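Trainee: sequence below, structure please.
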Amino acid sequence: MKILAIDSSAITASAALTEDGKILGEYFLNTGLTHSETLMPMIESVLRRVKVRLSDIGLFAVSSGPGSFTGIRIGIASIKGLAMPFQTPCAGVSTLEAIAHNLEHIDCLVCAVMDARCGQVYNALFRARQGRLERLTPDRAISIKDLAEECGTMDGPLYLAGDGAKLCAKAEPFQTIGAVLPPEPLIYQRAWGVAKTAEQAAREHRTVSPAALMPFYLRPAQAERSLKKQLGGKQE
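Mentor: Below you'll find the model as predicted:
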């Protein structure tokens with residue numbers, strides 16, 4: 001089955017086409033350009049170079065969160081627009097689980113982290129062993145200090161991955177427990193990991209129609225939190 005996957009959950013953007021676990025093509029950008037400018041041209045380029053049509057795609061996949069609220073919305077809208085004309089099944093997958101696949105070939109504790117600001121990171125922990133991942137925690141928002149303390153109680157080498165990896169690696173609590181920062185290509189979110197996670201979702205019959213594809217937010221956007229605070233103040 002051919003899977004077209006995209007990730008626009010953070011500053012990086014990527015699109016990948018896979019078939020039965022094999023990468024046919026992948027496009028990755030870390031330029032800071034807006035996803036509304038880059039995402040569709042990337043998708044079109046991958047499909048054109050691999051000579052695959054949208055009608056050939058068996059599953060559309062997207063990182064549905066956590067991550068940048070704007071980026072996630074752009075990704076979801078893009079996949080819906082591509083899949084709806086054909087009513088092709090879709091899979092919205094955890095960005096953190098997709099990140100963890102970058103390190104599945106290393107026997108280690110994988111700490112997938114994304115910068116959530118406000119002194120926190122979005123995180124999930126996984127155990128990588130013999131090319132397979134075991135999820136240890138749900139996706140969550142947690143302080144860097146509390147996360148480091150939890151990781152310090154676990155066995156095995158600890159590897160950081162995700163756009164929050166460098167932030168954590170610089171933090172004293174993670175330096176104290178000897179966290180490892182992998183090579184640059186293994187740090188960031190990649191559409192290949194999204195495809196890999198979506199392939200598992202398809203095997204477990206966890207796909208949805210294009211219309212049912214929804215983002216997954218661990219907490220409200222900053223604008224929503226500010227509005228709620230303002231309304232709460234007025235009520236007092």
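Trainee: please count neighbours and contacts with C-alpha atoms only from this point.
Mentor: OK.
Trainee: for the chain, what spans make up the helices?
Mentor: Using DSSP state H, the helices of the chain run over residues 35-50, 69-83, 95-100, 144-151, 165-170, 172-176, 191-203, 222-235.
Trainee: S9 is nearest to which of those?
Mentor: Among the helices of the chain, the nearest to S9 by Cα to Cα is helix 69-83 (5.0 Å).
Trainee: what's the angle from that closest one to helix 35-50?
Mentor: Using axes from the mean of the first three to the mean of the last three Cα atoms, to 10 degrees, one finds that helix 69-83 and helix 35-50 are set 40 degrees apart in direction.
Trainee: list the buried residues of helix 69-83.
Mentor: For helix 69-83, the neighbour count (16 or more other Cα atoms under 10 Å) marks 69, 71-80, 82-83 as buried.
Trainee: let me have those in a markdown table, extended by distance to W192 and pLDDT.
Mentor: Putting the buried residues of helix 69-83 into a markdown table (distance: Cα to Cα, whole Å; pLDDT from 0 to 100) gives the following:
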| residue | distance to W192 | pLDDT |
| --- | --- | --- |
| F69 | 21 | 94 |
| G71 | 17 | 95 |
| I72 | 17 | 97 |
| R73 | 19 | 96 |
| I74 | 18 | 96 |
| G75 | 15 | 97 |
| I76 | 17 | 98 |
| A77 | 19 | 97 |
| S78 | 17 | 98 |
| I79 | 15 | 98 |
| K80 | 19 | 98 |
| L82 | 18 | 98 |
| A83 | 19 | 99 |
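Trainee: list just the nearest of these to M1.
Mentor: Nearest to M1 among the buried residues of helix 69-83: A83, at 15.0 Å, using Cα to Cα.
Trainee: which residues sit in contact with the closest one?
Mentor: Neighbouring residues of A83 by Cα atoms under 8 Å, 6 or more residues apart in numbering: 60, 89-90, 210.
Trainee: which stretches of this structure have low pLDDT?
Mentor: Scanning the chain for pLDDT under 70 picks out the ranges 220-236.
Trainee: and the residue nearest the centre of the chain?
Mentor: Among the residues of the chain, the one closest to the centroid is T95, at 2.0 Å (Cα atoms, centre = their mean).
Trainee: hang on, that residue packs against A61?
Mentor: No - using Cα atoms under 8 Å, T95 is not in contact with A61; the gap is 11.2 Å.
Trainee: any residues in contact with both of those two?
Mentor: Common contacts of T95 and A61 (Cα under 8 Å, 6+ apart): V194.
Trainee: related to what we said a few turns ago, including distance to I23, could the helices of the chain go into JSON lines?
Mentor: Formatted as JSON lines, the helices of the chain follow (distance: least, Cα to Cα, whole Å):
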{"stretch": "helix 35-50", "distance to I23": "11"}
{"stretch": "helix 69-83", "distance to I23": "19"}
{"stretch": "helix 95-100", "distance to I23": "15"}
{"stretch": "helix 144-151", "distance to I23": "32"}
{"stretch": "helix 165-170", "distance to I23": "25"}
{"stretch": "helix 172-176", "distance to I23": "33"}
{"stretch": "helix 191-203", "distance to I23": "7"}
{"stretch": "helix 222-235", "distance to I23": "36"}
